[in-house]
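In: just to be clear, the model below is a prediction. Sequence and coordinates:
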Amino acid sequence: MNLDHVFVCGNPALDFAATLRARRTARFEMFATPDRLDAWYLESGLVDSVSPARRADVERATTLREAVYRLITARRRGTDFDDEALAVVNDAAHRAPAAPRLTHSGRWTAATQREALSAVARHAVELLSGPDVPLLKECGNPECTRVYIDRSRGSRRQWCGMESCGNKIKAAAYRARRKTAATTG
């Protein structure tokens, strides 16, 4: 399994929720170690540096991730939010975020673990209360459970990303068609 973090969902909160991959099949935890959580924060661009994570930070992050995923799923399905998930997201969003600083070379944001987590929660609040809610879709790959924002023309996007899922599905379909043609021809 590829250990690189993937950012194809169109919002940091969606990408954060997607760090537990293949929820319906062979679940794969992207935050298996504290350094993987640190890497996600940096690779996401939410912060430029983050204090080193500890196991407790990973537990807080995965708790928030699961709460965000439950709220995203409820919003997509048009059902009521889970009160416990709301409390987790709102508590994290209520904490002060990291303050960016202007340096001679541009913006720089140094964050603690809780400040970085607050940034994710704030993105979730804005997403789930904003105009992109009708654009939320789950990837068409049966093994993928990423939810993304479909801003494509006609809302016809089927995959979280072509590189991560679309090419795999299209290649599998092509191989199946060739195999069928070979056996029937």
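Out: Now that the structure is in, tell me what you want to look at. Numbering: from 1, shown residues only.
In: what's the longest helix along the chain in contact with?
Out: Using DSSP state H to define each element, the chain has its longest helix at helix 55-77. Helix 55-77 is touched from outside by 13-14, 16-17, 19-20, 29, 31, 33-34, 37, 53, 80-82, 84-86, 88-89, 92, 113-114, 117, 120-121, 124, 127-128, 133, 136-138, 147, with contacts defined as CB atoms under 8 Å, 6 or more residues apart in numbering. Any C-beta I mention is one placed from the backbone N, CA and C, and that applies to glycine too.
In: could you rerun that using 6 Å?
Out: Surrounding helix 55-77, the residues in contact under the criterion CB atoms under 6 Å, 6 or more residues apart in numbering are 13, 16-17, 31, 34, 37, 81-82, 85, 88-89, 92, 113, 117, 124, 128, 133, 136, 147.
In: then stretch 103-120?
Out: Contacts with stretch 103-120, where a contact means CB under 6 Å, 6+ apart, come from 13, 16, 41, 46-51, 53, 57, 64, 92, 95, 97-98, 100-101.
In: now the buried members of these.
Out: In the contacts of stretch 103-120, burial by neighbour count holds for 13, 16, 41, 46-48, 50-51, 53, 57, 64, 92, 97-98, counting by 16 or more other CB atoms under 10 Å.
In: if we can go back for a sec, now, which of the contacts of helix 55-77 lie within helices?
Out: Within these, membership in helices is found for 13, 16-17, 34, 37, 85, 88-89, 92, 113, 117, 124, 128, as judged by DSSP H.
In: where does the chain dip in pLDDT?
Out: Low-confidence segments of the chain, defined by pLDDT under 70, span residues 1-3, 166-177, 181-182, 185.
In: count of residues packed around residue 83?
Out: By other CB atoms under 10 Å, the residues close to residue 83 number 8.
In: could I get the phi/psi values of residue 20?
Out: In this entry, residue 20 is assigned phi and psi values of phi -100, psi 100 (degrees, to the nearest 10).
In: distance of it from residue 31?
Out: When distance is defined by CB to CB, to the nearest Å, residue 20 is 8 Å away from residue 31.
In: ok, the two, which is more surrounded?
Out: Here residue 20 and residue 31 are set side by side on neighbour count (other CB under 10 Å), and the busier one is residue 31, at 22 against 17.
In: what's the distance between that one and residue 60?
Out: Remark: distance between residue 31 and residue 60 (CB to CB) = 11 Å.
In: kindly report the same for residue 4.
Out: When CB to CB is applied, the distance between residue 4 and residue 60 equals 23 Å.
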